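[1] pasting the structure only:
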Ligand SMILES: Cc1cc2nc3c(=O)[nH]c(=O)nc-3n(C[C@H](O)[C@H](O)[C@H](O)COP(=O)(O)OP(=O)(O)OC[C@H]3O[C@@H](n4cnc5c(N)ncnc54)[C@H](O)[C@@H]3O)c2cc1C
């Protein structure tokens, strides 16, 4: 920590004014702040972030407004149990409806394109498992959206080197990530939340007064009656008892491919590969399962072996024979654990955590942020 700057009397008055401090200005932190502010309009609700705009997952994701493919749901069942996996699907589905209601389709660039889960010939065994389970999963989930989410569908029009049938869902769509983030941020500001970027929080300390003290790397200090940690994949830096690990997610965007035969969302390899159309470009992400250990990292550099794997997948499977360049690449950080259920928890008097959004936190964010605000109200 740098030494404290010589703060003026006025700055000191300002800084001691936060009633509720939220660390992390991602989708979850900003929506949590908005709901808390709406709940208690007279309290000062502040959000701090290490970066001028968010720097984790919310501004670096793939823009899938999705709930989980068949492969991901079966994978979740194998990690937990059917009820837990179906409840998570329902939470994500409801979260998306809530996001659309809160911000409007046009404002966030939402397009209900539907999406496929596709399988290469090497994925035949996975395809057969999914085909054998589709009726069971559909029956368990048809009450959520009022229709069966999954159907087998021909992939012949996609122009990909994949098995002739995939699993299609008409229920999901895509957002423009920057537009969604902009609306989430604007809504927090309109509600009266103060957002300050460029402040990296250090682990909180409880004061005798019952307040929580947060020093920042830059030498600022906040004392707040209530503190909410919304730092997702970075949460264990602040609260080591939280079971959440940073998981790097890498993304590539191609140049324009004028002959692109399809539009929409695509899932493959149990969700470890995902790609979507971006106009006539393709955005592809994933590949973490090539090196789970190496990708359990908060680092935001891309790594050559994963980006090469994704590029090869594009050239060999997705658009064989097309000419394109990789024009953009980046990495973001997810908050993961073997159990993919988010943590919405009171950790101590006045200390809360809303973290571990996994690989599909866009839709979840609208639900968990409301749960966090309600939990704070119940426990005051
Ligand atoms: C590459 C990638 C692709 C993804 N694609 C999708 C997708 O298509 N659809 C989907 O639903 N989900 C996707 N996700 C997941 C989704 O983006 C996240 O689940 C969601 O954005 C989590 O939001 P959050 O606010 O909890 O966390 P974050 O957005 O990570 O926000 C956490 C914030 O905490 C800040 N922070 C961290 N430590 C500190 C500190 N010490 N002090 C101050 N600030 C700090 C960070 O700067 C960051 O702004 C993807 C994630 C990645 C990485």
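    Cool, got the structure. Just so we're clear, the structure is a prediction, and the values are computed from it rather than from any experiment.
[2] contact distance from the ligand - what residues of the stretch 101-250 of the chain qualify?
    Applying Cβ under 6 Å from any ligand atom, one finds that the stretch 101-250 of the chain approaches the ligand through 200, 201, 230, 231, 232, 233, 234, 237, 238, 249. In short, each C-beta sits where N, CA and C put it, glycine included.
[3] sitting in strands, which of these do you find?
    Among those, the ones falling in strands (DSSP state E) are residue 249.
[4] so where's the protein shaky on pLDDT?
    Low-confidence segments of the chain, defined by pLDDT under 70: 1-5.
[5] any idea where the helices of it begin and end?
    Ranges of helices in the chain, per DSSP state H, are 9-15, 27-39, 70-79, 82-103, 124-145, 177-191, 235-238, 292-295, 304-313, 361-378.
[6] ranking those by burial, who's on top?
    Most buried of the helices of the chain, by mean neighbour count (mean count of other Cβ atoms under 10 Å): helix 27-39, with a mean of 26.
[7] nearest to residue 210, out of the helices of the chain?
    Closest approach to residue 210 among the helices of the chain (Cβ to Cβ): helix 361-378, 15.0 Å.
[8] is the ligand contacted by that closest one?
    Yes - among the residues of helix 361-378, 361, 362, 363, 365 lie within reach of the ligand under Cβ under 6 Å from any ligand atom.
[9] domains in this structure, as residue ranges please.
    9-59+178-243+340-378, 113-172+245-336 (automatic domain parsing).
[10] related to what we said a few turns ago, spatially, which two of the residues of the stretch 101-250 of the chain next to the ligand are the most separated?
    Greatest spacing in those, by Cβ to Cβ: 201 and 249 (22.8 Å).
[11] rewinding a little: of the residues of helix 361-378 next to the ligand, closest to the ligand?
    Nearest to the ligand out of those is residue 361 (Cβ to the nearest ligand atom; 2.0 Å).
[12] show me the contacts for that closest one.
    27, 28, 57, 58, 61, 232, 334, 335, 342 (Cβ atoms under 8 Å, 6 or more residues apart in numbering).
[13] beta-bridge partners for the spatially closest residue to the third one that is not a sequence neighbour, please?
    In other words, residue 57. Spatial nearest neighbour of residue 57, chain neighbours left out: residue 332 (4.7 Å); criterion: Cβ to Cβ, 6 or more residues apart in numbering. Taking DSSP bridges as the rule, residue 332 bridges to residue 249.
[14] residue 332 against residue 61, yeah?
    Yes - here residue 332 lies in contact with residue 61, judged by Cβ atoms under 8 Å, at a distance of 6.3 Å.
[15] okay, those two: which has more neighbours?
    When residue 332 and residue 61 are compared for neighbours, residue 61 comes out ahead with 24 against 21, by other Cβ atoms under 10 Å.
[16] now the more buried one: closest residue in space that isn't a chain neighbour?
    Here the residue nearest residue 61, using Cβ to Cβ, 6+ apart, is residue 177, at 5.6 Å.
[17] and that neighbour, how far is that from residue 283?
    The gap separating residue 177 from residue 283 is 10 Å, by Cβ to Cβ, to the nearest Å.
[18] repeat that for residue 246.
    From residue 246 across to residue 283, the span is 22 Å (Cβ to Cβ).
[19] cool, residue 57 as well?
    Residue 57 sits 15 Å away from residue 283, going by Cβ to Cβ.
[20] any idea how many residues pack against residue 155?
    Residues within reach of residue 155, counting by other Cβ under 10 Å, total 21.
[21] touching, it and residue 166? I think so.
    Yes - using Cβ under 8 Å, residue 155 is in contact with residue 166, at 4.6 Å.
[22] which neighbours do these two share?
    The contact sets of residue 155 and residue 166 overlap at 116, 118 (Cβ under 8 Å, 6+ apart).
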